[in-house]
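>>> Next one to model:
(one chain, ligands or ions: 2)
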Amino acid sequence: DATTVTTSTTLTLTLILSCSHTTLILTLILSCSQWPYCLKRCSYCNFNKYIPRSDNQDVMLECLQRETETLLKLSQVSRITSVFFGGGTPSLARPSTIAAVLQTVTRHAGLSEEAEVTLEVNPTPVGSSKLEDFLHAGVNRFSIGVQSLRDDDLKVLGRDHNSQHALQTVAEARRLCPGRVSVDVMFGRPGQSVASWELELDELLSVCDDHVSLYQLTLERGTQLFRQVQKGQLSVPSDDITAVMYDSARRILQKRGYLQYEVSNFARNGAISQHNMSYWKASQYLGVGPGAHGRFVPRGEGYVCREARTQTLEPDVWLREVQQRSHGTRRRIPLTHLGLLEEVLVMGLRLTDGITHQHWQLFSPRADLYQILSSSSEVQDLQQTGLLILDDR
Ligand SMILES: C[S@@+](CC[C@H](N)C(=O)[O-])C[C@H]1O[C@@H](n2cnc3c(N)ncnc32)[C@H](O)[C@@H]1O
Ligand code: SF4
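Ligands and ions are numbered 1, 2, ... in the order given. You can find the predicted model right below:
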């Protein structure tokens with residue numbers, strides 16, 4: 001009834017104001033679903049990516065800037081705390097494109113002095129990387145898709161780099177951005193054994209910087225690798241073996257001083273990813289570019305609730321839409337208060353620290369975690385088996 005609606009609307013408004021502190025993180029996933037282009041398709045990958053048919057960098061730049069401006073105005077945000085250029089392969093973009101997008105952010109919202117600006121980078125042969133130019137463009141953190149240090153495995157994965165390219169790219173990134181380089185590495189790969197994985201990870205940790213993201217290979221329907229495994233041409237380790245690989249990776253990383261702060265993420269010397277941390281803390285974010293996702297309050301249209309937004313997947317269609325109406329937003333789903341709390345729980349439980357009562361209160365000032373969870377028999381079962389801890393922290 002009307003009373004309920006008024007109450008919940010007021011509550012939602014309070015929640016979002018108190019949790020956002022009017023800052024937003026801006027996700028410029030120019031690939032991964034956002035710089036949507038790659039040189040070649042990896043055999044395992046079902047991200048939103050395309051092989052470019054022609055050089056459309058000028059129009060991509062124009063549209064990325066335009067959509068950034070539109071979404072910033074719509075959010076009425078006053079400060080951006082981090083930017084992530086993801087992909088696809090955003091290191092294929094021109095450094096001047098990255099610089100121009102960052103200038104758009106600065107022009108239409110403040111970009112904090114200490115903002116984390118990450119670029120996903122695919123390893124390349126020495127001499128052909130543009131890392132230094134990206135640094136001058138405003139990038140201050142590199143995330144490098146090493147995936148493996150075994151050349152045969154890189155071939156099976158369909159990567160267009162070898163282990164030497166990976167090592168050289170990591171070394172160059174470390175020289176340019178010491179302490180702010182992350183590597184992605186994949187386990188559970190075809191033909192991989194626990195012993196070879198342990199050796200490989202050790203080798204990688206002796207050359208890498210302060211942040212590691214572990215990716216357990218997922219066999220995605222529709223990929224070449226999925227078909228090869230189905231036909232029996234390749235086989236992947238069993239779930240039990242993959243679990244052993246995960247456990248041994250945690251042990252090896254810990255021994256080397258990398259603290260696990262999330263299911264798949266490890267950092268040394270406090271080098272945790274601020275940007276990803278913001279997702280797990282359920283902060284607001286804008287998603288710019290083909291297939292990008294966002295979660296923010298479109299205040300410019302008078303809304304007070306957060307929306308889950310998805311941009312159009314296909315780059316040519318997205319470009320046309322941005323040219324015609326200044327954005328390529330394809331789907332808008334208003335998040336209910338319950339929906340938002342579910343996200344706070346699901347994302348927060350990925351973190352080693354879990355969800356503090358203080359953090360929960362930002363989103364739910366009226367009902368604390370004990371009130372919400374302690375009467376649930378499912379929660380009690382999880383507590384009894386030690387899978388969930390509900391205490392005063
Ligand atoms: C979408 S990619 C973008 C970065 C860059 N294009 C690259 O490939 O290095 C981000 C990360 O997702 C991971 N990834 C992609 N597909 C995956 C899959 N099927 N299973 C596990 N990890 C995957 C890869 O490790 C990759 O580093
Ligand atoms: S894994 Fe990275 S480089 Fe390979 S196809 Fe996917 S997005 Fe492109």
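
>>> only C-alpha atoms for contact and neighbour calcs from this point on.
OK.

>>> near ligand 1, which residues of the stretch 201-350 of the chain?
215-220 (C-alpha under 6 Å from any ligand atom).

>>> Closest to residue 304 out of the residues you listed?
residue 215 (36.3 Å; C-alpha to C-alpha).

>>> Compute the number of surrounding residues for the residue nearest to the closest one when sequence neighbours are not counted.
Of all residues not flanking residue 215 in the chain, residue 186 sits nearest, at 4.6 Å (C-alpha to C-alpha, 6 or more residues apart in numbering). Number of residues near residue 186 (other C-alpha atoms under 10 Å) recorded here: 18.

>>> got the contact list for residue 186?
Listed by C-alpha atoms under 8 Å, 6 or more residues apart in numbering, the contact set of residue 186 reads 147-148, 214-217.

>>> Please name the bridge partners of residue 332.
As for beta bridges, residue 332 partners with residue 309 under DSSP bridges.

>>> Was I right to think it contacts residue 306?
No - using C-alpha atoms under 8 Å, residue 332 is not in contact with residue 306, being 9.9 Å away.

>>> Do you know the pLDDT at the residue in the stretch 251-393 of the chain that ligand 2 sits nearest to?
Proximity of the stretch 251-393 of the chain to ligand 2 (C-alpha to the nearest ligand atom) peaks at residue 291, 12.5 Å away. Looking at residue 291, its pLDDT stands at 94.

>>> buried residues in the longest strand belonging to the chain?
Criterion DSSP state E: the longest strand present in the chain is strand 110-121. Neighbour counts over strand 110-121 (16 or more other C-alpha atoms under 10 Å) mark 110-111, 115-121 as buried.

>>> ok and the residue in the protein nearest ligand 2?
Closest point on the chain to ligand 2, by C-alpha to the nearest ligand atom, is residue 88, at 3.7 Å.

>>> quick one: pLDDT of that residue?
93.

>>> thought it was touching residue 39?
No - between residue 88 and residue 39 there is no contact under C-alpha under 8 Å: 9.2 Å.

>>> So for those two, which residue has more residues nearby?
Taking neighbours as other C-alpha under 10 Å, residue 88 and residue 39 compare with residue 88 leading, 29 against 14.

>>> where do the helices sit along the stretch 101-250 of the chain?
Secondary structure of the stretch 101-250 of the chain by DSSP state H, counting those that start in this stretch: the helices cover 131-137, 151-156, 163-176, 194-205, 224-230, 239-255.

>>> for the first one, what is the average pLDDT?
Put plainly, it is helix 131-137. 97.

>>> tell me which element the nearest residue to residue 301 once chain neighbours are set aside falls in.
Spatial nearest neighbour of residue 301, excluding adjacent residues (C-alpha to C-alpha, 6+ apart): residue 74 at 6.8 Å. According to DSSP states H and E, residue 74 maps onto helix 57-75.

>>> Please give the centre-to-centre distance between the helix or strand that comes right after that helix and its chain.
Going down the chain from helix 57-75, the next helix or strand is strand 79-85, by DSSP H and E. In terms of C-alpha atoms, centre = their mean, to the nearest Å, the centre of strand 79-85 is found 12 Å from the chain centre.

>>> go on, stretch 88-101?
Once both centres are worked out by C-alpha atoms, centre = their mean, stretch 88-101 turns out to sit 17 Å from its chain's centre.

>>> and if you look at stretch 172-184?
Its chain's C-alpha centre and that of stretch 172-184 lie 18 Å apart, by C-alpha atoms, centre = their mean.

>>> could you give the angle of the helix or strand where residue 323 lies to helix 57-75?
Per DSSP H and E, residue 323 falls inside helix 315-325. Angle, helix 315-325 to helix 57-75, by axes from the mean of the first three to the mean of the last three C-alpha atoms, to 10 degrees: 60 degrees.

>>> that older thread, filter the buried residues of strand 110-121 down to the ones near ligand 1?
Answer for the buried residues of strand 110-121 near ligand 1 (C-alpha under 6 Å from any ligand atom): residue 120.

>>> residues contacting the one residue in the stretch 51-200 of the chain that gets nearest to ligand 1?
With C-alpha to the nearest ligand atom, the shortest gap between the stretch 51-200 of the chain and ligand 1 falls at residue 145, namely 3.2 Å. Residues in contact with residue 145 (C-alpha under 8 Å, 6+ apart) are 120-123, 183-185.

>>> Tally up the residues packed near residue 350, please.
Applying other C-alpha under 10 Å, we find 17 residues neighbouring residue 350.

>>> Could I get the contacting residues of it?
Listed by C-alpha under 8 Å, 6+ apart, the contact set of residue 350 reads 262-263, 280.

>>> Can you give me the separation between it and residue 372?
Residue 350 sits at a distance of 19 Å from residue 372 (criterion: C-alpha to C-alpha, to the nearest Å).

>>> same deal with residue 386?
In this view, residue 386 and residue 372 are 19 Å apart by C-alpha to C-alpha.

>>> Looking at residue 126 now. What's its pLDDT?
pLDDT for residue 126: 81.

>>> Could you do residue 284 as well?
Per-residue pLDDT puts residue 284 at 92.
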